[in-house]
Each structure stands twice: as structure tokens, then as C-alpha cells.
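J.: Sequence and predicted structure are below.
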Amino acid sequence: MSVLPEESEDEVRADPARIDSARAEAAVRELLLAVGEDPDRPGLRDTPARVARAYAETFAGIWQDPAEILATVFDEDHDELVLVKDIPMYSTCEHHLVPFHGMAHVGYIPGEDGRVTGLSKLGRLVDVYARRPQVQERMTRQIADALDEHLKPRGVIVVIEAEHLCMGMRGIRKPGSTTVTSAVRGMFRDNPATRAEAMSLVIGR
Ligand SMILES: Nc1nc2c(ncn2[C@@H]2O[C@H](COP(=O)(O)OP(=O)(O)OP(=O)(O)O)[C@@H](O)[C@H]2O)c(=O)[nH]1
Ligand SMILES: [Zn+2]
């Protein structure tokens, strides 16, 4: 029996049965025709199938349930901050279907029961919401709300710093600009000092 690493390639590739591959392939072929390309030339012949497979991975989060990820909890009796910083994330801007990417920082203060979840689960949670057509603000809130709902913590803080390729490679063409969004719940929302302390830990390098 083989033991898969935490985030195996197989796992990331998602469930191909969940995507209508034939439909995705036909759509990519149409798009290539629409921009004036020849989808039958040798270099593009396999492209619709490749894009369909890539989309199955890029949008795998549509089919994933955050509750399953956050079902792993440990009784640690910990009542102070748990923060995982610099979680790399790749998402897709739902307006232009091009990537935005950067870092997510996810922290929480466990609830009365002192239960914590596995550290890797915070990264998995980010992926569940990143692998969907997204808007950065919504993704930030969704991560915070999922933690709030499933862990019942005293507080949650989520900060995402990302570069949107739709603002770099096209349109306004401002490559290198970073968009920072935050969502705070519980203690981080109610107590400015707690929030400021967490923010300095998150943003401080
Ligand atoms: N608030 C927010 N805006 C986003 C995000 N991703 C992309 N956008 C913006 O969505 C907007 C879409 O604007 P539209 O005027 O409908 O589309 P557009 O003509 O392609 O806009 P330009 O990008 O300005 O060329 C743009 O201003 C993008 O910068 C995001 O995650 N959050
Ligand atoms: Zn965009």
C-alpha cells in the first residue's frame, strides 16, 4: 500500500467525473475559432482536452466541502492565537478568468473547548475557496466564515495579499500592484487591540 503525501498530485487533479469534459473541450475549440486560430493545427490539436483537464484542477473547489476539511480537530486546550502565514494561493478572477495569486494568512483563537484543527487544514481551506471562479473579497470572507462556523473559535482573522493578472497583462496594465483584503470575526472584530496585534503579526515580515 502506498502512502500519499499530504497534497498528492492525484488529489489535486480532482474528480474528473465532476467536470463535463466534452463540453469544456467543445467550448475551448470554439474560443480558439473565435479568436481566429486553427484548432486543428498540430500545436493546438490536444489543447481543448488539456484545458479541460486543467480546469478540472483549477476549479476543483466548486465540488469540495469545507466541513469535511475542518472535521479534523484535536483537544489541545489552547486559548491563544494560532496563525499560519504566507500560504501560497492561486485563484481565478471571475470577471476575466485569469489568475490572481499571492499569499493567504489565516489565524484563529480557539473557542471555549480549546479545540484546534490540523495546521494543514488551513491551507486546504484556502484551496477550497481559491479553486473556484472568485473575487478576492468574497474568498477572504468565505474562509473566515467557514472557520467561524465549523471551529466555533473566539476569533478569526484572514488576510489575503494578491496580484491580479487582469490588472497586469491587460486592461489598466499595472503589474506588481498588490490587493490586500481582510476579514475578521469575533474577538478580532470586537477588540481593536487584539485586531491590531494580529495584523502586525500577519503583515510584519
Ligand atoms: N473588487 C474586485 N474587483 C476585481 C477583482 N478581480 C477583478 N476585479 C475588477 O473587476 C472589474 C471589472 O470591471 P468591468 O468594467 O466590468 O470590466 P473591464 O472592462 O474588463 O474592466 P478593466 O479591468 O478596468 O478593463 C475591474 O475593475 C477589475 O479590476 C476582485 O477580486 N475584486
Ligand atoms: Zn479580472
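T.: Thanks, I have the structure now. Ligands and ions are numbered 1, 2, ... in the order given.
J.: you'd agree residue 103 is in a helix?
T.: No. Under DSSP: H, G, I helix; E, B strand; the rest coil, residue 103 sits outside any helix and is assigned strand.
J.: Tell me how many other residues crowd it.
T.: A total of 16 residues lie near residue 103 under the criterion other Cβ atoms under 10 Å. The C-beta positions use only the backbone N, C-alpha and C, and glycine is treated the same way.
J.: Is it correct that it is in contact with residue 161?
T.: Yes. Proximity of residue 103 to residue 161 meets the contact threshold set by Cβ atoms under 8 Å, at 5.2 Å.
J.: isn't there a strand covering residue 185?
T.: Yes. The assignment for residue 185 by three-state DSSP puts it in a strand.
J.: Leaving out sequence neighbours, find the closest residue to it.
T.: Counting by Cβ to Cβ, 6 or more residues apart in numbering, residue 156 is the residue found nearest to residue 185 once chain neighbours are left out, at 4.2 Å.
J.: One more: residue 147?
T.: Excluding its sequence neighbours, the residue lying closest to residue 147 (Cβ to Cβ, 6+ apart) is residue 156, at 4.7 Å.
J.: What is the neighbour count of the one you found?
T.: Burial of residue 156 is recorded as 25 neighbouring residues (other Cβ under 10 Å).
J.: Kindly report the same for the one 4 residues further on.
T.: By the measure other Cβ under 10 Å, the count of residues near residue 160 is 27.
J.: so it bridges to which residues?
T.: With DSSP bridges as the criterion, residue 160 is bridged to residue 104, residue 181.
J.: re the thing from before, quick one: the residue nearest to residue 147 is in a strand?
T.: Yes. Secondary structure of residue 156 (three-state DSSP): part of a strand.
J.: and it, how far is that from residue 95?
T.: According to Cβ to Cβ, to the nearest Å, residue 156 and residue 95 sit 27 Å apart.
J.: what residues are up against the nearest residue to residue 45 once chain neighbours are set aside?
T.: Excluding the flanking residues, the one nearest residue 45 by Cβ to Cβ, 6+ apart is residue 39, at 7.4 Å. Contacts for residue 39 (Cβ atoms under 8 Å, 6 or more residues apart in numbering) come out as 28-29, 32-33, 45, 47-48.
J.: Let me know the closest of those to residue 111.
T.: For the contacts of residue 39, the residue nearest residue 111 by Cβ to Cβ is residue 28; the value is 46.1 Å.
J.: Mind telling me what element that closest one is part of?
T.: Assigned by DSSP states H and E, residue 28 falls within helix 21-34.
J.: Summarise which helices and strands that helix is packed against.
T.: Here helix 21-34 touches helix 47-58, going by 3 or more Cβ pairs under 8 Å, 6 or more residues apart in numbering; DSSP states H and E.
J.: Any idea how far the helix it packs on is from the middle of the chain?
T.: Its chain's average C-alpha position is 18 Å from that of helix 47-58, according to Cα atoms, centre = their mean, to the nearest Å.
J.: Buried residues, that helix. List them.
T.: Neighbour-count burial for helix 47-58, counted by 16 or more other Cβ atoms under 10 Å, picks out 47-48, 51-53, 55-56, 58.
J.: check contacts around the residue nearest the centre of the chain.
T.: The chain has residue 130 as the residue nearest its centroid, 2.3 Å off, counting by Cα atoms, centre = their mean. Applying Cβ under 8 Å, 6+ apart, we find residue 130 in contact with 61, 89-91, 104, 139.
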